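K.L.:
generate a structure from the sequence data that follows.
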Amino acid sequence: MTTLTASDHVVVVGAGFAGWRFVEALRRDGFAGTITLIGDEPHAPYDRPPLSKNVLVGKWGLDKTTLATPEHLERNDVTLRLGVAATGLDVAATTVHLADGTSVQGTWVIIATGTRARHLGYSADHELHTIRSRDDLERLEAALGELADGSTIAVIGGGFIGAEAATALRTRGFEPIVLEVAARPLLGVLGPEVSLWLEGLAAQAGIELRTSQRIVDVKFFEGQYVVSFEDDVDLLARAVIVGAGAIPNVEWLATSGLEIDNGVVVDENLLASGRVAAIGDVARFSWRNVFGSEQVRIEHWQVSNDHAAHLAKALVTGEAPSALLIPYFWSDQYGKKIQMLGHPRGTDRAEIVSGSVEEGKWLALYSRDGVVSGAVSLSQPRALMLSKVLLEERTSLEDALARAPWQA
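P.N.:
A predicted model of the protein is given here:
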């Protein structure tokens with residue numbers, strides 16, 4: 001990989017977490033050239049996970065999510081182009097075209113445009129709330145401020161965002177009702193065993209969870225929302241929040257010639273083509289793990305952070321990372337903390353190795369063909385992190401049980 005010099009101009013498209021962390025990493029590793037950071041939102045780069053984990057519950061103000069404070073911006077010597085979306089990319093000329101008719105040409109382009117909240121096309125789609133951006137939270141807070149205590153709020157989607165939102169709403173005195181299309185929340189993400197172990201958390205937190213929900217439409221009528229189902233029994237709510245997953249922001253690259261397949265396809269070095277790379281949620285990358293290598297797109301805060309650090313070091317020093325990237329995520333929901341290491345498949349077997357469902361805290365290992373593929377815990381953060389060594393090299397489940405690093 002060609003390394004950067006002081007004469008290079010790096011253009012980063014996407015002023016979210018991944019883009020900003022990459023800017024910081026470039027400067028930390030010694031890059032002295034020009035950096036331009038482009039973002040379609042008017043806000044300086046900020047952290048998104050706290051929006052549902054800290055801001056909505058009332059622990060943080062929105063300003064506390066800011067990553068790029070004026071001091072940070074000055075220290076990292078970066079030119080900002082905020083509030084203007086990228087509309088095209090000329091790969092050969094490493095030039096980004098913007099919605100205001102201008103263009104930014106660099107010697108490298110880093111794509112970090114992330115994802116956006118998925119919309120479901122209901123009749124009241126424009127009146128429904130998502131939790132993806134600062135503007136989303138400001139709009140939701142304004143709506144909640146007009147509601148009485150105890151108001152019913154429908155939360156469509158029982159995944160991480162939906163559960164975190166419901167938890168925050170319950171804490172604030174509202175009555176959230178979580179509507180999940182699957183037989184159990186997180187079934188497709190965490191697999192059948194783990195989703196079963198987590199099934200009772202909502203009820204324990206005093207939150208109503210309805211599964212196998214087939215929603216036909218959501219309409220706004222006379223000051224309230226009407227959620228209609230296949231069984232013709234409507235649910236009336238004063239607000240509706242949708243947490244139905246995310247879509248990678250790749251439309252602006254339609255004529256770029258880059259390979260787009262559930263994200264921007266990149267190689268093991270995060271390169272999409274020549275002097276164009278992609279990192280974070282938008283990147284579909286070649287992930288090396290104990291089973292070999294596979295093409296994945298992972299929407300984790302930690303993966304974005306690792307991508308930024310790895311690519312910056314490679315561009316500045318020419319050193320590619322040798323250690324395996326081990327995905328990690330966490331979710332605070334229903335008064336509990338769920339954490340996971342690795343990227344196991346839904347078909348991998350899960351087995352509790354410490355604690356129990358009855359105790360309300362446990363650690364479980366995933367395995368595939370007798371080899372550890374991941375670890376997940378409920379309110380057992382130390383045990384989970386001690387188990388990371390099991391994913392740093394190929395480890396049989398038998399050996400993992402004998403070593404039991406979580407007991408240290």
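K.L.:
please, where are all the helices along the stretch 301-408 of the chain?
P.N.:
Assigned by DSSP state H, counting those that start in this stretch, the stretch 301-408 of the chain shows helices spanning 301-317, 381-386, 397-403.
K.L.:
okay, these in TSV with mean neighbour count and distance to Leu51 next?
P.N.:
No exception for glycine: its C-beta is placed from N, CA and C like everyone else's. TSV is the format used below for these (neighbours: other Cβ atoms under 10 Å; distance: least, Cβ to Cβ, whole Å):
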stretch	mean neighbour count	distance to Leu51
helix 301-317	21	12
helix 381-386	17	22
helix 397-403	14	36
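K.L.:
could you dump the ones you listed to CSV with mean pLDDT and distance to Ile156?
P.N.:
Shown next, in CSV, are the helices of the stretch 301-408 of the chain (pLDDT from 0 to 100; distance: least, Cβ to Cβ, whole Å):
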stretch, mean pLDDT, distance to Ile156
helix 301-317, 96, 23
helix 381-386, 97, 30
helix 397-403, 98, 37
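K.L.:
got those helices as CSV, with distance to Leu179 columns?
P.N.:
What follows is the helices of the stretch 301-408 of the chain, written out as CSV (distance: least, Cβ to Cβ, whole Å):
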stretch, distance to Leu179
helix 301-317, 26
helix 381-386, 30
helix 397-403, 36
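K.L.:
ignoring the adjacent residues along the chain, who's closest to Asp348?
P.N.:
Distances taken as Cβ to Cβ, 6 or more residues apart in numbering place Tyr366 nearest to Asp348, at 4.3 Å, with adjacent residues excluded.
K.L.:
what about the one you found, neighbour count?
P.N.:
Using other Cβ atoms under 10 Å, Tyr366 is surrounded by 28 other residues.
K.L.:
that one reaches Val376, doesn't it?
P.N.:
Yes: counting by Cβ atoms under 8 Å, Tyr366 touches Val376, with 7.0 Å between them.
K.L.:
quick check: neighbours shared by those two?
P.N.:
Listed as contacting both Tyr366 and Val376 by Cβ atoms under 8 Å, 6 or more residues apart in numbering are Ala350.
K.L.:
per-residue pLDDT, Met1?
P.N.:
Note on Met1: pLDDT of 70.
K.L.:
show me what contacts it?
P.N.:
For Met1, the contact set (Cβ under 8 Å, 6+ apart) comprises 269, 271, 314-315, 318, 320.
K.L.:
what kind of secondary structure is Thr167 in?
P.N.:
Applying DSSP: H, G, I helix; E, B strand; the rest coil to Thr167 yields a three-state assignment of helix.
K.L.:
now do the contacts for it.
P.N.:
The neighbours of Thr167, taking Cβ under 8 Å, 6+ apart as the test, are 57, 205, 207, 332-335.
K.L.:
and which of these is nearest Gly370?
P.N.:
Closest to Gly370 out of those is Gln333 (31.6 Å), distances taken as Cβ to Cβ.
K.L.:
pretty sure the closest one sits against Ala163.
P.N.:
Yes: contact criterion Cβ under 8 Å: Gln333 and Ala163 qualify, at 3.8 Å.
K.L.:
which of the two has more residues huddled nearby?
P.N.:
Ala163 (31 against 28).
K.L.:
pretty sure that one sits in a helix.
P.N.:
Yes: Ala163 forms part of a helix when assessed by three-state DSSP.
K.L.:
where's it relative to Ala18, distance?
P.N.:
As for Ala163, its distance to Ala18 is 24 Å (criterion: Cβ to Cβ, to the nearest Å).
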